[in-house]
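Enquirer: Give the three-dimensional model of this entry:
(one chain, ligands or ions: 1)
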Amino acid sequence: MLSALLLAAGRSGRMRDLVTSIPLTRGVVDRFVAGDDLDAALGTVRRLSEGGLRVTLDHLGEDTREPAQALVTRDAYLRMFAAFAEHGFAGGADASVKLSALGQALPGELALDHAREICAAAGRVGMTVTLDMEDHTTVDSTLETLGKLRSDFPWVGVAVQAMLRRSEGDLRELVDEGSRVRLVKGAYAEPSSVAFQGRGEVDRAYVRALRLLMRGDGYPMVGSHDPRIIDIALALAAERSPASYEFQMLYGIRAAEQRRLAQGHQMRVYVPYGADWYGYFMRRLAERPANLVFFLRSFVSR
Ligand code: FDA
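Expert: Residues are numbered from 1 along each chain as shown. This next block holds a predicted model:
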């Protein structure tokens, strides 16, 4: 219930204005977001890399309705790749991209065109790109774009949300050789007509999907902080070479576990940065309502 309210607040312009106008919010946001700009993010990337962790960098932003804003997002990624190359971080690094930030909701093929340019620039410096998955209304369009991108850039990956009823079917099309798939539980409020409801149902769907991925020929990316899911993934991966899968977690969540897994497994941290942190932050609060207590306490303790 509280999660649903937080996710609804995450889509409200009024709540955005309110939450982002409170200076104290920033301290809590910093736990999950690497900073407002690329320089701050690069500092985090350096620190994580020194600890043996790989990264996927996300320039924050979503639901773009203006072509000019989509262009700003594309350019932010192009700057990111140039900076990664300049600092020697590019090899093995990944960028996470939300197609809605590139104009997916706008008419025509703007998002695809921008995504192509992003993939071409990433490929030139030796980086990969993974498409985030947003709410269920965008899945068809995201998978269609993925198919088009993969004909030129076969290493483009995609996030698949275990909570969606359709995902097992989608995954059967995504387990071919080399196919990079990040399996996540799903962070959006979805109706029961399209999504499993409740922790138990979603977790069981995740395990079914994980089995499919681990038995396939693709490159599974286990995107979860859940200790039980991680144990199951480790057991399923026992037959695979350590180079043929990886774990992924979000910046600021279970950092000690990230470092532990990095001893012996590939571990990648999803690092978001940028000024447009509101939607991302509200999803993190919704995942763990205890974060809301922490957030509210920061006001009281001042
Ligand atoms: P679960 O929610 O059960 O959490 C397990 C444990 O992890 C908790 O008990 C707690 O200890 C810790 N934890 C989890 N979330 C926390 C939080 N916010 N704050 C503090 N602790 C927390 N979703 C999506 O819909 N589209 C996408 O593209 C992506 N992309 C993505 C990339 C990567 C690398 C990750 C790890 C996750 C995503 N997600 C996502 C988010 C995902 O769908 C899901 O909401 C979160 O990962 C939380 O689910 P868990 O599997 O961690 O389990």
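Enquirer: which parts of the protein sit against the ligand?
Expert: The chain comes close to the ligand at residues 132-133, 159, 161, 182, 184-188, 223-226, 229, 248-250, 253-254, 270, 284, 287-288, 291, as judged by Cβ under 6 Å from any ligand atom. Placement of C-beta: from N, CA and C, glycine included.
Enquirer: Please repeat the previous calculation with a cut-off of 5 Å.
Expert: 132-133, 159, 161, 184-187, 223-226, 248-250, 253, 270, 284, 287-288 (Cβ under 5 Å from any ligand atom).
Enquirer: all helices for the stretch 201-302 of the chain, in order.
Expert: Along the stretch 201-302 of the chain, counting by DSSP state H, counting those that start in this stretch, helices occupy 227-237, 255-262, 278-287, 290-300.
Enquirer: try the stretch 1-150 of the chain
Expert: Under DSSP H, counting those that start in this stretch, the stretch 1-150 of the chain gives helices at 2-9, 13-21, 25-29, 38-50, 67-87, 110-124, 139-152.
Enquirer: any weak-confidence spans in the stretch 1-150 of the chain?
Expert: For the stretch 1-150 of the chain, residues meeting the criterion pLDDT under 70 lie at 24.
Enquirer: again, only using 90
Expert: 1-28 (pLDDT under 90).
Enquirer: ok, now which ones touch Gln258?
Expert: For Gln258, the contact set (Cβ atoms under 8 Å, 6 or more residues apart in numbering) comprises 53, 249, 267, 269.
Enquirer: Count residues in the vicinity of the second one, would you?
Expert: What that stands for is Met249. 21 (other Cβ atoms under 10 Å).
Enquirer: Would you mind listing the buried residues in stretch 266-276?
Expert: Residues 266-274, 276 are the ones in stretch 266-276 that count as buried (16 or more other Cβ atoms under 10 Å).
Enquirer: chain center to that stretch: distance?
Expert: How far stretch 266-276 lies from its chain's middle: 8 Å, per Cα atoms, centre = their mean, to the nearest Å.
Enquirer: pLDDT on that stretch, on average?
Expert: The average pLDDT for stretch 266-276 rounds to 97.
Enquirer: CA atoms only: put it into CSV for me.
Expert: The C-alpha trace of stretch 266-276 is given here as CSV (Å, rounded to 0.1, in the frame of the first residue of the first chain):
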residue,chain,number,x,y,z
GLN,A,266,31.7,-10.4,-12.0
MET,A,267,29.9,-7.8,-10.0
ARG,A,268,28.5,-4.6,-11.7
VAL,A,269,27.1,-1.6,-9.9
TYR,A,270,24.4,0.5,-11.5
VAL,A,271,25.5,4.1,-10.9
PRO,A,272,22.9,6.8,-11.5
TYR,A,273,23.9,10.5,-11.7
GLY,A,274,22.2,13.7,-12.8
ALA,A,275,19.9,16.4,-11.5
ASP,A,276,16.7,14.6,-12.6
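Enquirer: Kindly provide the distance from Ile232 to Val207.
Expert: 6 Å (Cβ to Cβ, to the nearest Å).
Enquirer: Between the two, tell me which one has more neighbours.
Expert: Counted by other Cβ under 10 Å, Ile232 and Val207 do not tie: Ile232 has more neighbours, with 19 against 15.
Enquirer: Verify the stated contact: that one with Leu210.
Expert: Yes. With contacts counted by Cβ atoms under 8 Å, Ile232 reaches Leu210, the gap being 6.5 Å.
Enquirer: Leu183: what secondary structure?
Expert: Counting by DSSP: H, G, I helix; E, B strand; the rest coil, the backbone at Leu183 sits in strand.
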